[in-house]
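Visitor: Structure for this input, please:
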Amino acid sequence: MSDTGQTWIRDLVGALRVRPGTRVEVPEDFDPAYQADFIDKRDSEALLSESVELLSSCQMRLAAQDTHGVLLCLQGLDGSGKDGTIRHVMSGVNPQGVRVSSFKEPSNEEYTHDYLWRHVRRLPARGEIGIFNRSHYEEVLVVRVHPELLDREQLPPEAKENDVWQRRYREINEWERYLTDNGIRVLKVLLNISKEKQRERFLRRLDLPDHTWKFAAADVRERGYWDDYQLAFSEMLSATSTDWAPWYVIPANRKWFAHICVGAVLVHTLTEINPQYPVVNAEELRAEGMARQTLLAEAPGDALPS
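Guide: Residues are numbered from 1 along each chain as shown. Below is the predicted model of the structure:
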């Protein structure tokens, strides 16, 4: 990465990161309409292209090294732009090295297991980038806002006693530490949208025929729990942004800026991993030399090696 690229990405990522151990509140501490003063919309396409190019380069080295994996957890209310963010930020990567998993309401089978089970099954392998479109954090967000959902999880009575949410924060932190210790880097992104901007986007979905399919009446019902979700976000960010698995709060009112931010976070994380192409040892070099001679010997007499 160039010095220029390092500078704007580092500065941007630093402004978005939730410092571990701090108490935060949204939207007071993270403005959904924030825009970095060193980034202009006129440069947005160039900056996003730079991020996509850097991400593509890092992904190839990540796959070749086959030592680390990356898990991006993407959270946000309906209308915050999760699908569009994935589409734009990951536009230049090799699809063979990326796996996107979208988590909706658990199935009957999933309800018979612990709440992390279905997420464990979709973790990225070494050399892969995995994206959770919604994630295990739904268990301390939507389930917290709608605690009656706990009854569907068939938990023993003692598992619902005391402070369920503090216990789940601890369990999630420990699980993410386990993943990190085993080479799977975890980064978490919250697309932070304002209530008014969500209203505008819902109306747009209703007005445009090619967007109506995205709309569900349940989305409007959930708006009635807006304050509950903001509290759940604040508690989640404060309790689970750690040194090994930090949270980044992305201002999502401007889609173009949100895409740049998420791209910068991913590039920054991969740059920290710094994957490298494997070094060929002497024995492998000899084998490659012999293979080359074999292939050259098979060429027609008038053919020249390229």
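Visitor: Check Ser102 and give its pLDDT.
Guide: pLDDT, Ser102: 96.
Visitor: for it, which residues make a bridge with it?
Guide: In this structure, Ser102 bridges to Asn133 when assessed by DSSP bridges.
Visitor: what number of residues lie near it?
Guide: 14 (other Cβ atoms under 10 Å). Just so you know, the C-beta spots here come from the backbone N, C-alpha and C atoms, and that holds for glycine as well.
Visitor: you'd agree it is up against Ile131?
Guide: No - with contact defined as Cβ atoms under 8 Å, Ser102 does not reach Ile131; the gap is 9.0 Å.
Visitor: Output whatever helix or strand Gly289 lives in as PDB, nothing but the C-alphas.
Guide: Using DSSP states H and E, Gly289 sits in helix 282-297. What follows is helix 282-297, C-alpha atoms only, in PDB (Å, rounded to 0.1, in the frame of the first residue of the first chain):
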ATOM      1  CA  ALA A 282      15.400 -25.300  -2.800                       C
ATOM      2  CA  GLU A 283      13.800 -28.700  -3.200                       C
ATOM      3  CA  GLU A 284      10.700 -27.200  -4.800                       C
ATOM      4  CA  LEU A 285      12.900 -25.100  -7.100                       C
ATOM      5  CA  ARG A 286      14.700 -28.300  -8.300                       C
ATOM      6  CA  ALA A 287      11.300 -30.000  -8.900                       C
ATOM      7  CA  GLU A 288      10.100 -27.000 -10.900                       C
ATOM      8  CA  GLY A 289      13.300 -27.000 -13.000                       C
ATOM      9  CA  MET A 290      12.900 -30.700 -13.800                       C
ATOM     10  CA  ALA A 291       9.200 -30.100 -14.700                       C
ATOM     11  CA  ARG A 292      10.200 -27.300 -17.000                       C
ATOM     12  CA  GLN A 293      12.700 -29.400 -18.800                       C
ATOM     13  CA  THR A 294      10.200 -32.200 -19.200                       C
ATOM     14  CA  LEU A 295       7.600 -29.800 -20.700                       C
ATOM     15  CA  LEU A 296      10.200 -28.200 -23.100                       C
ATOM     16  CA  ALA A 297      11.300 -31.700 -24.200                       C
END
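Visitor: counting contacts, what elements does that helix pack onto?
Guide: Judged by 3 or more Cβ pairs under 8 Å, 6 or more residues apart in numbering; DSSP states H and E, helix 282-297 is in contact with no other helix or strand.
Visitor: mean confidence for it?
Guide: Rounded mean pLDDT across helix 282-297 is 86.
Visitor: can you give me the strands in the stretch 51-200 of the chain?
Guide: Using DSSP state E, counting those that start in this stretch, the strands of the stretch 51-200 of the chain run over 69-76, 98-102, 129-133, 184-192.
Visitor: Over to the stretch 201-306 of the chain?
Guide: Using DSSP E, counting those that start in this stretch, strands in the stretch 201-306 of the chain cover 247-251.
Visitor: neighbours of Ile250, just the number please.
Guide: Using other Cβ under 10 Å, Ile250 has 27 other residues around it.
Visitor: Spatially, and excluding backbone neighbours, which residue is closest to it.
Guide: Closest residue to Ile250 apart from its sequence neighbours, by Cβ to Cβ, 6 or more residues apart in numbering: Cys261 at 4.6 Å.
Visitor: Which one, of the strands of the stretch 51-200 of the chain, ends up nearest to Glu298?
Guide: strand 98-102 (37.2 Å; Cβ to Cβ).
Visitor: Other residues contacting the closest one?
Guide: For strand 98-102, the surrounding residues in contact (Cβ atoms under 8 Å, 6 or more residues apart in numbering) are Gln59, Ile86, Met90, Arg122, Pro124, Glu128, Ile129, Gly130, Ile131, Phe132, Asn133, Arg134.
Visitor: measure the second one to Gly224 for me?
Guide: It refers to Ile86. Going from Ile86 to Gly224 by Cβ to Cβ, to the nearest Å gives 28 Å.
Visitor: Please apply the same query to the first one.
Guide: Gln59 sits at a distance of 41 Å from Gly224 (criterion: Cβ to Cβ).
Visitor: ok, these two, which is more surrounded?
Guide: The residue with more neighbours, out of Gln59 and Gly224, is Gln59; 24 against 8, by other Cβ under 10 Å.
Visitor: so what's that one up against?
Guide: For Gln59, counting by Cβ under 8 Å, 6+ apart, the contacting residues are Val93, Asn94, Gly97, Val98, Ile129, Leu270.
Visitor: Quick check: the first one touching Glu53?
Guide: No - the criterion here is Cβ under 8 Å, and Val93 misses it with Glu53 at 10.3 Å.
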